[in-house]
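Asker: quick one, what's the 3D model for this:
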Amino acid sequence: MGIEIERKFLVANDDWRPGAPGIIYRQGYLLAEGGLTVRVRRAGERGYLTIKGPAEGAARPEFEYEIPAADADAMLEGLVRGGVVDKIRYRRAYAGLMWEVDVFAGDNAGLVVAEVELERVDQPVSLPGWAGEEVTDDGRYSNAALSRHPFRSWSRP
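Answerer: Numbering: from 1, shown residues only. Okay, here's the model as predicted:
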């Protein structure tokens, strides 16, 4: 069984920007309830179907399968519940770990989130200077939640 262990942070500044270009992502949810999600994703030229179970802290079961890109596109156009989440994902290495920085677009424009996947829940993480507030336990920042309640609809001071 696959296990995803990740921590998520808001991005505090643009110091992460130098580096390789990002990949365009489009993703939507066929199911997102009771902690169970079934996601379809287009990442660049590839398509994926991902099933995730309920989280226990920073860990949750995850199963991901590559599917034909045309199938992913068809599901994104006709089967998703809620909106499609558009973003550009950048990968940045820091202190021996690979960070993924997501710059959201569309209804979630203005939101920039960094995630780091870990091998174990208690693994120490050295934070880069551009990692701001940790939002691992704030469900509003999950992509499934953003598909139903986009960032632009949030009331902010």
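
Asker: Arg39 is in contact with Gly47, isn't it?
Answerer: No. Between Arg39 and Gly47 there is no contact under Cβ atoms under 8 Å: 11.2 Å. Using the backbone N, CA and C atoms, a C-beta is placed for each residue, glycine as well.

Asker: which residues touch the helix or strand Arg91 falls within?
Answerer: Assigned by DSSP states H and E, Arg91 belongs to strand 81-94. Residues outside strand 81-94 that contact it (Cβ atoms under 8 Å, 6 or more residues apart in numbering) are 16-17, 19-32, 43, 76, 98-108, 126, 128, 143-144, 146-148, 150.

Asker: now that strand: average pLDDT?
Answerer: Throughout strand 81-94, pLDDT has a mean value of 96.

Asker: buried residues in that strand?
Answerer: For strand 81-94, the neighbour count (16 or more other Cβ atoms under 10 Å) marks 83-87, 90, 92, 94 as buried.

Asker: so where is the protein shaky, pLDDT-wise?
Answerer: 1, 156-157 (pLDDT under 70).

Asker: what ranges does this protein have for its strands?
Answerer: Under the criterion DSSP state E, the chain contains strands at 3-11, 23-33, 36-43, 46-52, 59-67, 81-94, 97-104, 112-117, 131-134.

Asker: which strands or helices does the second one pack on?
Answerer: Contact here means 3 or more Cβ pairs under 8 Å, 6 or more residues apart in numbering; DSSP states H and E; on that basis strand 23-33 packs against strand 36-43, helix 69-78, strand 81-94, helix 143-148.

Asker: can you list these in TSV and add distance to Glu119?
Answerer: Formatted as TSV, the helices and strands packed on strand 23-33 follow (distance: least, Cβ to Cβ, whole Å):
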stretch	distance to Glu119
strand 36-43	22
helix 69-78	28
strand 81-94	16
helix 143-148	22
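
Asker: circling back to that earlier point, what angle do the strand holding Arg91 and strand 36-43 make?
Answerer: For strand 81-94 against strand 36-43, the angle by axes from the mean of the first three to the mean of the last three Cα atoms, to 10 degrees is 70 degrees.

Asker: and the contacts of stretch 132-144?
Answerer: 6-12, 27, 29, 32, 37, 39, 57-58, 82, 85, 111, 113, 145-146, 149, 154.
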